[in-house]
Each structure stands twice: as C-alpha cells, then as structure tokens.
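# Starting from these lines, generate the structure:
(one chain, ligands or ions: 1)
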Amino acid sequence: MTRTVHIIGAGLAGLSAALDLSARGERVVVHEATAFAGGRCRSYRDAALGMTIDNGNHLLLSGNHAALAYLRGVGAEQKLIGPAQAEFAFVDLPSRERWTLRFNDGRLPLWVFDRSRRVPGTRALDYFALAKLLWPGPGKSVGEVIGRDGLLYRRLVEPLLLAALNIDPPHGSARLASAVIRETLGAGGQACRPLIARDGLGATMIEPALAALESRGAVVRLEHQLRALRFGAERIEALDFGNEAIVLGAADAVILAVPPYAAAALVDGLSVPTEFRAIVNAHFAIDAPAALPPILGVLNGVVQWIFAFPGRVSITISAGDGYLDTPRDALAKTIWNDVAAVTGLPNPLPPWQIVRERRATFAATPAQDAKRPAAATRWRNLALAGDWTDTGLPATIESAIRSGNRAAALIARQSAKS
Ligand SMILES: Cc1cc2nc3c(=O)[nH]c(=O)nc-3n(C[C@H](O)[C@H](O)[C@H](O)COP(=O)(O)OP(=O)(O)OC[C@H]3O[C@@H](n4cnc5c(N)ncnc54)[C@H](O)[C@@H]3O)c2cc1C
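Predicted structure coming up:
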C-alpha cells in the first residue's frame, strides 16, 4: 500500500527524517511554515553586509556521527572544513595570553600529560576531577557535580560547556554535560576536530538535502503552516493548514518536527521544555588577518568565539540573554572592541550585522531536560522530532538530526507492523 508520511517543519530534524524515510522508499511531504527550509540553521542574503551569512555561527565536531552521516548522504561532507587534528586556539582578553589545546587522536588522553598541549597553568591531575561529570547521577546540575574554581574550569570546562549547552554551565544539566564530555573529550581527539560550514549552512546542510529530497520524489511545501491536528482515539486523522485540510489514509503518518512551543500548541498536554536561552551573533564585513585561526576562543571578554570566514569575521555569544535589549549599534561597538583587541584589526567599525536568536535553544537545566518527550506518542501514526525531544544531548545539530532519524525509524517500524 502506498502511504504518505507528512513531516511538519523543515529544520534539520524534519529534513533528516525526510531523508531517512525517502531513502527507505517512503512517499514524503514536508510542510514548512516559513518561506525557507533550515529553521534555526539557515543562511540568508544580508543587505547591510552585502553577503550571504548564517543566522548563527555553527560549530560541529568530528564526533557528531549523525550529522556527518546526514552530510555524507547528501554528498556534502566535504563542505565541512576543519583541521586534521583536534586543536583549539584560545586567547585571554585582559592579559592577551594565547595558547592552543592539542588533543591526541586516541581515547587515552595523553595530551593532559603534555604541558605544551594542555591548558597553561593546569596540572595533569586537575583533569581527573572531570571524571565526576561522566557519572553525574540523575537530576543534578553541573554546579552540584564539579567545582567552578581553578584554571581548568575557567579555561576549558566553562567555554566548552557554555558553547555546547548554551547556558551558564553551573546551572546546566550534568546529564547533558556528561553526554557532551563522553562524545567529545572522552572519545579522543578524532572526535573533537572542530568543523565549520565555510560556504554557509545553507550551501552545506540545507540545499544539498533539498536537492536529494527532490531527486527522490519527496515534496517540500514552503509557507504551509500546520494550524491543527485532528486526533482520533489511536491515530491522527487529518491535518489542518487553514485553507486546506489533508485527510490521512489509514497507513499515513505524521512526524511533528517543529519547535517545542509550536508542538505544545498543536498537541494538548504535551510535555515540552518551556524556558529558552538566546545566542547573539555579530558579523563584520572585513578580511580576517592571515594569522587569525578559523576559530578562536576568547576568555574574559564579551565575545566568546571568533570565526574567520572569507571576507567576514563573525562572533558568537552563547547564553547571550543579557544582550537582547542592548541597542544594536552600542552592542556592535562593544563587540568590535573585543575583536579589534584580539585580532589587531583597526578599530573603526566595519559594516556589521547583529543577529539575536532569543529562543536559540531550550534552557539546558535539569528541570527543563526532564520535560523533554520521547519520539513516540500515544497516537500510533504520530512521532515527534526536534533538538528539544529527549535525545540525551543538548539542543544541537547532532541532537536535531538524531531526533529526525529516530522518529523516521519509529514510523518505518510502525508501518512494517501494520
Ligand atoms: C544562533 C544559533 C547558533 C547555534 N549554534 C550551534 C552550533 O554551533 N552547533 C550546533 O550543533 N547547534 C547550534 N545551534 C542549534 C541548532 O541550530 C539547532 O539545534 C537545530 O537547528 C534545530 O533543528 P530543529 O529541526 O530541531 O528545529 P528548527 O530548526 O527550529 O526547525 C523547526 C522548523 O519548524 C517550522 N515550523 C514551526 N511551526 C510550524 C508549523 N506549525 N507548521 C510547519 N512548520 C512549522 C519552523 O519554521 C522551522 O523551520 C545553534 C542555534 C542557533 C539559533
């Protein structure tokens, strides 16, 4: 029997579900509310800069195996670039002290025994305290498991967890921090190579996926917002798009891959995370100095990470809620002061853009993490996907893609049973 799987939302969760199911030969229709695919991971033409930029600088790690498989599947793996070995350059803004962390490839963390590879001012012994984060116990925050004193915390743990969890680390879920540490530092240097989409997220993660879907006969309907679901006792019976209703056949299925607040509005009583954290990105149209590494961690500044792209320098501030109401030009100047101080670029402000994503990720606290639902629902033809569903990871590209794959596998299994 030919059936259709309707996927609601064309972010990475929806796209990965669509790719997975279309590769299994299923008929797929993706419905996206906005005029573009990609959701929180998208590129757009910015008039102020006169160039295409991403809504946010996205960093992947070579251990993000689902994200890499997604890219391989759409022929775009080579579009992610990064060093052959895991290394992270840092600068401490007030002192201008610079160092580069160099992890060794294998799982045994030999780099912590090498003064030239580890965080300056730390001892090998300091690193063993991190093992506590590997088995944190349920419901704990990072602050309840490890201390926040010492150079290792300030120079490695804090920037790593702030970037990965998008929350002030002591308030973050230790379960999620544990997953990050296990899949990165714990998996060895070959899982920690930093990777960026140099030509943009759209060209790397979204357009190749749309092309692959089209080649498999999948349909992507933009500006097609789902307004309501019609619930039967055991299954979803129809989709209401306002000016159009789609009645589902007995074997048809739905994957809801929208943000948590949108999912809660569509499914009564669904448990979802309800608190969020912002990410602030600023982009400057200027050539990066040759000596600037592709990614530079900045400590004790407003800016946390500086990215060097062709013709553009961009920065990220995670958990940037404190800057949401700062006037844009004042914020641009403050940020540029940091960038100029670190890079030696001249201080007059180049053309700039600031992108503030208020609900960039759910707040990765233990309480919010506990609200994340599983992919399966009590309706047998409805599965959930999204970086906010219970993937065991913080809200990242990897989480979104794994959630899409998991929802797709669930729907494929259900079809095999019926
Ligand atoms: C600024 C920023 C920086 C980030 N940096 C990183 C990073 O460095 N590394 C990393 O791994 N992750 C990062 N992330 C997180 C990453 O972008 C997200 O985890 C991922 O994109 C989420 O994908 P998703 O499909 O779950 O959700 P979304 O991208 O939110 O997709 C949901 C889609 O559903 C659509 N939709 C909503 N309601 C409806 C409806 N009723 N009908 C139809 N469609 C609907 C939306 O328009 C959207 O397209 C960052 C996020 C931001 C915002």
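
# Name the residues of this protein found near the ligand, please.
8-14, 31-34, 39-41, 55-56, 58-60, 225-226, 257-259, 262, 279, 281, 357, 360-361, 386-387, 395-400 (CB under 6 Å from any ligand atom). All C-beta spots, glycine's among them, are computed from the backbone N, C-alpha and C.

# Among those, name the buried ones.
The neighbour-count test (16 or more other CB atoms under 10 Å) applied to these identifies 8-14, 31-33, 39-41, 55-56, 58-60, 225-226, 257-259, 262, 279, 281, 357, 360-361, 386-387, 395-400 as buried.

# Break down the stretch 251-400 of the chain into its helices, ranges please.
According to DSSP state H, counting those that start in this stretch, the stretch 251-400 of the chain carries its helices in the segments 260-266, 328-343, 366-369, 397-417.

# what's the least confident stretch among those helices?
Mean pLDDT values for the helices of the stretch 251-400 of the chain show the minimum at helix 397-417, a mean of 92.

# helices or strands next to it in the packing?
Helix 397-417 is packed against helix 12-23, helix 65-73, strand 253-256, strand 382-384, with contacts defined by 3 or more CB pairs under 8 Å, 6 or more residues apart in numbering; DSSP states H and E.

# Figure out which of these is closest to residue 103.
helix 65-73 (17.4 Å; CB to CB).

# what's the pLDDT at the residue most central in space within the chain?
Centroid-nearest residue in the chain, with CA atoms, centre = their mean: residue 396, separated by 2.6 Å. pLDDT recorded at residue 396 is 98.

# can you pull the contacts of it?
For residue 396, the contact set (CB atoms under 8 Å, 6 or more residues apart in numbering) comprises 64, 164, 387.

# now swap in residue 335 and tell me
282, 302-303, 315, 317, 354.

# Please repeat the previous calculation with a cut-off of 6 Å.
If a contact means CB atoms under 6 Å, 6 or more residues apart in numbering, then residue 335 has 282, 303, 315 as its contacts.

# So which of those wins on neighbours?
Ranked by the number of neighbours (other CB atoms under 10 Å), the contacts of residue 335 place residue 282 first, at 27 neighbours.

# ok, it - contacts?
315, 335, 354.

# swap in residue 394?
164-165, 176, 364.

# Narrow those residues to those in strands?
Using DSSP state E, the subset of these located in strands is empty.

# quick one: which of these sit in helices?
Per DSSP state H, helices hold the following members of the contacts of residue 394: 164-165, 176.

# any chance of the residues you listed in JSON lines, plus neighbour count and pLDDT?
Compiled in JSON lines, those are given as follows (neighbours: other CB atoms under 10 Å; pLDDT from 0 to 100):
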{"residue": "164", "neighbour count": "25", "pLDDT": "97"}
{"residue": "165", "neighbour count": "29", "pLDDT": "98"}
{"residue": "176", "neighbour count": "27", "pLDDT": "98"}
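
# Go ahead and confirm residue 63 touches residue 191.
Yes: using CB atoms under 6 Å, residue 63 makes contact with residue 191 at a distance of 2.9 Å.

# any common contacting residues for the two?
Joint contacts of residue 63 and residue 191 (CB under 6 Å, 6+ apart) are residue 184.

# What residue in the stretch 51-200 of the chain comes nearest to the ligand?
residue 56 (2.3 Å; CB to the nearest ligand atom).

# ok, now which ones touch that residue?
Contacts of residue 56 (CB under 6 Å, 6+ apart): 279, 281.

# Pretty sure it sits in a strand.
No: when DSSP: H, G, I helix; E, B strand; the rest coil is applied, residue 56 is found to be coil, with no strand at that position.

# And it, what's its pLDDT?
93.

# Give me the neighbour count for residue 301.
For residue 301, using other CB under 10 Å, the count is 20.

# I'd guessed it sits against residue 338; true?
Yes: using CB under 6 Å, residue 301 is in contact with residue 338, at 4.3 Å.

# which stretches of the stretch 251-400 of the chain aren't confidently modelled?
Nowhere does the stretch 251-400 of the chain drop to pLDDT under 70.

# thinking again about what came up before, could you dump the helices of the stretch 251-400 of the chain into TSV with distance to residue 182 added?
As requested, these are exported to TSV (distance: least, CB to CB, whole Å):
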stretch	distance to residue 182
helix 260-266	25
helix 328-343	31
helix 366-369	16
helix 397-417	13
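
# Of all those helices, which one is nearest residue 146?
helix 366-369 (14.5 Å).

# so which of the contacts of residue 335 would you say is closest to residue 171?
Distances from residue 171 to the contacts of residue 335, taken by CB to CB, are shortest for residue 303, at 21.4 Å.

# Flag the shaky bits of the stretch 1-150 of the chain, pLDDT-wise.
Using pLDDT under 70, the stretch 1-150 of the chain drops low at 1.

# Nearest spatial neighbour of residue 91, chain-adjacent residues omitted?
Closest residue to residue 91 apart from its sequence neighbours, by CB to CB, 6 or more residues apart in numbering: residue 98 at 4.8 Å.

# ok, how many other residues are close to the one you found?
13.

# do residue 208 as well
19.

# which ones are touching it?
74, 76.

# one more time with 7 Å, if that's ok
74-76 (CB atoms under 7 Å, 6 or more residues apart in numbering).
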